[in-house]
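[1] predicted model and sequence follow; I will ask about them next.
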Amino acid sequence: MVVVGQASNGAEAIKLLKQHQPDIVLLDLRMPIIDGVGVMRWIKQSGSKTQTVILTIFGSDSDIGQAIQAGAKAYLLKDSPVDEILATIRRVHQGDAVISSVRGQSPSPKLNSAELKPLEMEVLKLIVLGYDNRTIGSQLGIGPNALKYILRGLFAKLGVRKRAAAARLAIERGLLDIN
């Protein structure tokens, strides 16, 4: 496998797809400018043979259905093990369609938003929107050490270790509405 590009939004992704014409593209569902479904529609309309693997934090049935309908050959969550991601890419390259274990997950119980402080909620919202620590700190006026402290507390309350898992759980539990 060779990575030929990395885009920070859907418009950049399309530009790189035109330029490199890769066999497989990893896409997030929610990206700035053009979302993942829009990029997949462009792939279909352009006649490109590029296959799409969705790698996202959004694992609801409607998100999965929308992605599959738009042409995704595989759907993985960002907190999937690296071995699973690589195996999925290989399987899609061989012509298989793959939906990871997201379908078998049971809904998480409701998290009481009162358990999270307003600043933790803001940080979580910015994580879900895909911002990195530097941008989150800048937007909220928080230094890097203070942000790491907030993230540790947030992850502990949610019972997760990674940003993607925190965002996914918050959305699954109805804590955030990202539309």
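    Looks like it came in fine. Residues are numbered from 1 along each chain as shown.

[2] the host helix or strand of residue 87 packs against which elements?
    Assigning secondary structure by DSSP states H and E places residue 87 in helix 82-93. On a contact count with 3 or more Cβ pairs under 8 Å, 6 or more residues apart in numbering; DSSP states H and E, helix 82-93 meets strand 24-27, strand 51-56, strand 72-77, strand 98-99. Where you see a C-beta, it was placed from the backbone N, CA and C, and this is true even at glycine.

[3] now do 6 Å
    The contact analysis (3 or more Cβ pairs under 6 Å, 6 or more residues apart in numbering; DSSP states H and E) places helix 82-93 against strand 72-77.

[4] pick out the residue nearest the middle of this protein.
    The centroid of the chain falls nearest to residue 56 when counting by Cα atoms, centre = their mean (2.3 Å).

[5] list the buried residues in stretch 40-54.
    Neighbour-count burial for stretch 40-54, counted by 16 or more other Cβ atoms under 10 Å, picks out 40, 42-43, 48, 50-54.

[6] just say helix, strand or coil for residue 125.
    Classification of residue 125 using DSSP: H, G, I helix; E, B strand; the rest coil returns helix.

[7] any idea how the chain splits into domains?
    Domains of the chain are assigned by automatic domain parsing as 10-104, 113-172.

[8] so what touches the helix holding residue 87?
    Defining contact as Cβ atoms under 6 Å, 6 or more residues apart in numbering, one finds that helix 82-93 is touched by 23-24, 51, 53, 73-74, 76, 98.

[9] now do that helix, average pLDDT.
    Averaged over helix 82-93, pLDDT sits at 90.

[10] just flag the most distant two among the contacts of helix 82-93.
    23 and 76 (17.0 Å; Cβ to Cβ).

[11] okay, now residue 154: neighbour count?
    21 (other Cβ atoms under 10 Å).
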